[in-house]
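S.K.: model the structure of this input:
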Amino acid sequence: MLEKPMSMFNGFTPHHSSPLDDQLDQTARHQSQDARAELYELEERMDKLQLVCMAMWEVIKEKTDMTELELMSKVQELDLRDGVVDGKVTRTVKDCPNCHRRMSPRHKRCLYCGHEELVASAFDGI
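M.R.: The predicted structure follows:
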């Protein structure tokens, strides 16, 4: 059996990309950038939420005799409100008070009419 001679590139032959390959590469780069931006936004939201929670807990401890055990019990109670013990709160979908269409819990403004939802709680801005 004859052996194939080795090239100086160990069998690597240069690949000339097609326009489709270039388009796919560009799409993948954009998706990667979008994912990084979304991750950054989520980290920002988490940091704000953590800060609000820490501040609330400090105020509650200063004003009451509440203990860590009572806090943990309340966390479990709130987790059960949506019927699933999963360590998270399920966001509810609301109707826009202006056009009565569904508003995404992620947006502060109605995507249909532009009505801006008022912040009624420290958690609404998170």
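S.K.: ok, the closest residue in space to residue 115 that isn't next to it in sequence - contacts?
M.R.: With Cβ to Cβ, 6 or more residues apart in numbering as the criterion, residue 115 has its nearest non-adjacent residue at 3.8 Å, and that residue is residue 98. No exception for glycine: its C-beta is placed from N, CA and C like everyone else's. For residue 98, the contact set (Cβ atoms under 8 Å, 6 or more residues apart in numbering) comprises 110, 113, 115.
S.K.: in which helix or strand would I find residue 98?
M.R.: Residue 98 is part of no helix or strand when elements are defined by DSSP states H and E.
S.K.: and the pLDDT at it?
M.R.: Per-residue confidence (pLDDT) for residue 98: 93.
S.K.: okay, it and residue 79: tell me how far apart.
M.R.: From residue 98 across to residue 79, the span is 33 Å (Cβ to Cβ, to the nearest Å).
S.K.: PyMOL command for the buried members of the contacts of residue 98?
M.R.: In PyMOL syntax, the buried subset of the contacts of residue 98 is picked out as below (16 or more other Cβ atoms under 10 Å):
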select buried, resi 110+115
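S.K.: let me have the contacts of residue 98 in JSON lines, adding distance to residue 37 and pLDDT as columns.
M.R.: As requested, the contacts of residue 98 are exported to JSON lines (distance: Cβ to Cβ, whole Å; pLDDT from 0 to 100):
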{"residue": "110", "distance to residue 37": "23", "pLDDT": "89"}
{"residue": "113", "distance to residue 37": "27", "pLDDT": "93"}
{"residue": "115", "distance to residue 37": "26", "pLDDT": "91"}
